[in-house]
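Novice: Return atomic coordinates for the entry below.
(chains A and B)
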There are 2 protein chains.
Amino acid sequence: MPFEVTILGNNSAIPAHGRHPTSQVVQIHEQQFLVDCGEGTQMQLAKYKIRKNKLDHIFISHLHGDHYFGLIGLITSYHLMRREKPLHMHGPKGLLDIINLQLAASNTTLFFELIFHEVKSELVNVLFETDEFIISSFPVKHRIPTHGFLFKEKIGLRKINPDKIAELNFPFQVIAELKKGNDSEWEGKILKSNEWTLPPVAPRSYAFCADTIYHNELIKYISGCDVIYHEATFMEESAERAVLTFHSTAKQAATIGKAIGVKKLLLGHFSAKYDNLQPLLAEAKEIFSETELAIEGQTFSIES
Amino acid sequence: MPFEVTILGNNSAIPAHGRHPTSQVVQIHEQQFLVDCGEGTQMQLAKYKIRKNKLDHIFISHLHGDHYFGLIGLITSYHLMRREKPLHMHGPKGLLDIINLQLAASNTTLFFELIFHEVKSELVNVLFETDEFIISSFPVKHRIPTHGFLFKEKIGLRKINPDKIAELNFPFQVIAELKKGNDSEWEGKILKSNEWTLPPVAPRSYAFCADTIYHNELIKYISGCDVIYHEATFMEESAERAVLTFHSTAKQAATIGKAIGVKKLLLGHFSAKYDNLQPLLAEAKEIFSETELAIEGQTFSIES
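Specialist: A predicted model of the protein is given here:
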């Protein structure tokens, strides 16, 4: 099943060098989710051929403009394109008022239902759940209430042992029990799940760590993650500025990635002062080699 | 003295075909003014190398999002870049509340003064004036209160007759009077202004007609204009839809341009349904040949 993240914007507050403010699309199994929605996100969706009508949930990490100024434009476009299905918007208190004030100014009554889910940034909140995966938010530390998002597969069913497939002439219900890990009985014979099946594929997880100052407490929320995106606004020479603005350096992001032992660390939210991002990547790689730049338009697979 | 308009966005509500929502920069003499500010305007300014710090006045025609959703991002960028000089924002009632709500959500106190001038759409308002030109708004007819903007040079001083320059040995004050059209006296001799000077260069004018249904009343506000921008959302086949949505067709825009006898008519605000704009231009040219598409990135000179 697909599990991947596509980067739509990787720059910090001031758009520069052709880079855009924060936005990502997470595809997990059959569904796509939008994470943050900086100015121009709807154009970026079009540019990278992501069908915006597949999106039903939008997650906003905090109310700094480079993370949500594109939301009202996207919502308005949904309206003009006569969207009918509901749109879920998960974000901090205050977001709905901002959207509603702008809709009222243009005398707009949406053709679809806009369902707002307030996210309490200081808590862990389950935001969306299916049989296959769960999406939650977790606190990070920034100048205003801010939270990250964790996308996590649930442990799946055990897999039929391929060596046994030829002998597998039981009814569907019996096979289903074996896949769940339950021993079963068929025609008087006990079938042991662990003989007929192999352990399920390891569940995968991806964390979007939003804007945050470097802090170790983050780790407890995302330990065991396979891939994380962590902001890396500055290089080490601006470490003081990072503290002042509640942002992180590339090295600090790498320190988090290394502590968790992720398979891949994605860096983003680059300061407008950096045209060339390679030195920033190099600094991170000194700490943790499995680091990549979250380049716009690139899709990164989440592998366990 | 330069007088020109640069197109930053020419599309209607839904961004499409790489086109952006409405925004233009008008350069008149030494000053630049931003007219409307759809989503992504700050990126378009960067793309076309227009220095945003030269802008001190922003004019917003109405509160449909494709005309102002980029404003909060631009204001935030000014703040992050430590702008110090005041920024004037001219627009309909309600605009300031929208900006302030978003600034409050991010706990932002701007480093510069944001001065809001409410434009009463139903009236003609003088918005800005120098010795050399005047900028005013005028009513148009749309679904919500909407106004256009008129940029008009004042009649300048008379020019010294080049045939007389060799004999022009009077003091500066005397010459200044002659240029103003006043006869003057020097060493007992009467100097006639119309002998020593020629009429001033004809003042030029440009009108941005915003979003509007086709209506003839518009003409009285912009008669004598040299160049006008008129929206042309639809082709004639969608004339009924134009009426329903209070927009115009290309032919209707051309009818206005022809009635005024402009030197140049610029068409914009194209519906997302048109990828190729040539048929739209062709329809307008059937009515009025001096018509051009307001292509993004192009600069059109205002000539009298």
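
Novice: All the strands of the stretch 101-250 of chain A, in order from the start?
Specialist: Remark: strands of the stretch 101-250 of chain A, listed N- to C-terminal, are A:114-118, A:125-129, A:133-139, A:147-153, A:159-160, A:184-186, A:189-191, A:197-198, A:205-208, A:227-231; assignment by DSSP state E, counting those that start in this stretch.

Novice: Same question for the first one: list its buried residues.
Specialist: So that's strand A:114-118. Along strand A:114-118, these residues count as buried under the neighbour rule (16 or more other Cβ atoms under 10 Å in any protein chain shown): A:114, A:116-117. Glycine gets a C-beta too; all of them are placed from N, C-alpha and C.

Novice: Is it correct that residue A:211 is in contact with residue A:232?
Specialist: No: taking contact to mean Cβ atoms under 8 Å, the distance of 10.9 Å between residue A:211 and residue A:232 leaves them out of contact.

Novice: Out of the buried residues of strand A:114-118, flag the one nearest to residue A:163.
Specialist: Looking at the buried residues of strand A:114-118 and their distance to residue A:163, the nearest is residue A:117, at 46.6 Å (Cβ to Cβ).

Novice: Leaving out the residues flanking it, which one is nearest to the closest one?
Specialist: Spatial nearest neighbour of residue A:117, chain neighbours left out: residue A:90 (4.5 Å); criterion: Cβ to Cβ, 6 or more residues apart in numbering or on different chains.

Novice: pLDDT score assigned to the one you found?
Specialist: Model confidence at residue A:90, given as pLDDT, is 98.

Novice: Same check on residue A:172?
Specialist: As summarised for this prediction, residue A:172 has a pLDDT of 87.

Novice: Near it, how many other residues are there?
Specialist: Applying the criterion other Cβ atoms under 10 Å in any protein chain shown, we find 7 residues in the vicinity of residue A:172.

Novice: Please apply the same query to residue A:203.
Specialist: Neighbour count for residue A:203, taken as other Cβ under 10 Å: 17.

Novice: quick one: it from chain B, how far?
Specialist: To chain B, residue A:203 is 36 Å away according to Cβ to the nearest Cβ, to the nearest Å.

Novice: residues contacting residue A:156?
Specialist: Taking Cβ atoms under 8 Å, 6 or more residues apart in numbering or on different chains as the definition of contact, the neighbours of residue A:156 are A:132, A:200-201, A:203.

Novice: rerun at 7 Å
Specialist: When contacts are counted by Cβ atoms under 7 Å, 6 or more residues apart in numbering or on different chains, residue A:156 is found next to A:200-201, A:203.

Novice: before we move on, the earlier item: in a markdown table, list the strands of the stretch 101-250 of chain A along with distance to residue A:279.
Specialist: Listed next are those as a markdown table, based on distance: least, Cβ to Cβ, whole Å:
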| stretch | distance to residue A:279 |
| --- | --- |
| strand A:114-118 | 40 |
| strand A:125-129 | 36 |
| strand A:133-139 | 30 |
| strand A:147-153 | 26 |
| strand A:159-160 | 45 |
| strand A:184-186 | 59 |
| strand A:189-191 | 59 |
| strand A:197-198 | 46 |
| strand A:205-208 | 24 |
| strand A:227-231 | 17 |
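
Novice: quick one, which of these is nearest to residue A:261?
Specialist: Shortest separation from residue A:261 across the strands of the stretch 101-250 of chain A is recorded for strand A:227-231, at 10.6 Å, computed as Cβ to Cβ.

Novice: That closest one - contacts with which helices or strands?
Specialist: In this structure, strand A:227-231 makes packing contacts with strand A:205-208, helix A:250-260, strand A:264-268, judged by 3 or more Cβ pairs under 7 Å, 6 or more residues apart in numbering or on different chains; DSSP states H and E.

Novice: neighbouring strands for that strand, and are they parallel or not?
Specialist: Strand pairing for strand A:227-231, determined by DSSP bridges: strand A:205-208 (parallel), strand A:264-268 (parallel).

Novice: Dump the C-alpha coordinates for the first one into CSV.
Specialist: Extracted C-alpha coordinates of strand A:205-208, given in CSV (Å, rounded to 0.1, in the frame of the first residue of the first chain):
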residue,chain,number,x,y,z
SER,A,205,5.0,6.0,10.4
TYR,A,206,5.7,9.5,9.3
ALA,A,207,5.9,12.6,11.5
PHE,A,208,5.6,16.2,10.4
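
Novice: neighbouring contacts of that strand?
Specialist: Contacts to strand A:205-208, defined as Cβ under 7 Å, 6+ apart, come from residues A:5, A:24, A:26, A:35, A:148-153, A:222, A:224-229, A:302.

Novice: Show the buried residues in those residues.
Specialist: For these, burial is judged from neighbour counts taken by 16+ other Cβ under 10 Å, and it is met by A:5, A:24, A:26, A:35, A:148-153, A:222, A:225-229, A:302.

Novice: Same list, the buried residues of strand A:114-118, but as CSV with pLDDT and distance to residue B:297 please.
Specialist: Conversion of the buried residues of strand A:114-118 to CSV gives the following (pLDDT from 0 to 100; distance: Cβ to Cβ, whole Å):
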residue, pLDDT, distance to residue B:297
A:114, 98, 35
A:116, 98, 38
A:117, 98, 41
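
Novice: Among those, find me the one that's closest to residue A:71.
Specialist: residue A:114 (10.5 Å).

Novice: distance of the residue in the stretch 201-304 of chain A positioned nearest to chain B from residue A:10?
Specialist: Of all residues in the stretch 201-304 of chain A, the one sitting closest to chain B is residue A:272 (8.4 Å; Cβ to the nearest Cβ). Computed as Cβ to Cβ, to the nearest Å, the residue A:272 to residue A:10 distance reads 12 Å.

Novice: quick one: which of these two has more around it?
Specialist: Each of residue A:272 and residue A:10 had its neighbours counted (other Cβ under 10 Å), and the higher figure belongs to residue A:10 (27 against 17).

Novice: Would you mind confirming that the more buried one is in contact with residue A:19?
Specialist: Yes: A contact is recorded between residue A:10 and residue A:19 when judged using Cβ atoms under 7 Å, the distance being 5.7 Å.

Novice: which stretches of the stretch 101-250 of chain A have low pLDDT?
Specialist: Across the stretch 101-250 of chain A, nothing is flagged by pLDDT under 70.

Novice: how about the residues of it near chain B?
Specialist: For the stretch 101-250 of chain A, the contact set with chain B under Cβ under 7 Å from any Cβ of the partner chain comprises A:101-102, A:105-107, A:143-144.

Novice: Can I get the residues you listed in CSV including distance to residue B:79 and neighbour count?
Specialist: Compiled in CSV, those are given as follows (distance: Cβ to Cβ, whole Å; neighbours: other Cβ atoms under 10 Å in any protein chain shown):
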residue, distance to residue B:79, neighbour count
A:101, 20, 15
A:102, 20, 25
A:105, 22, 20
A:106, 25, 20
A:107, 30, 11
A:143, 14, 15
A:144, 15, 16
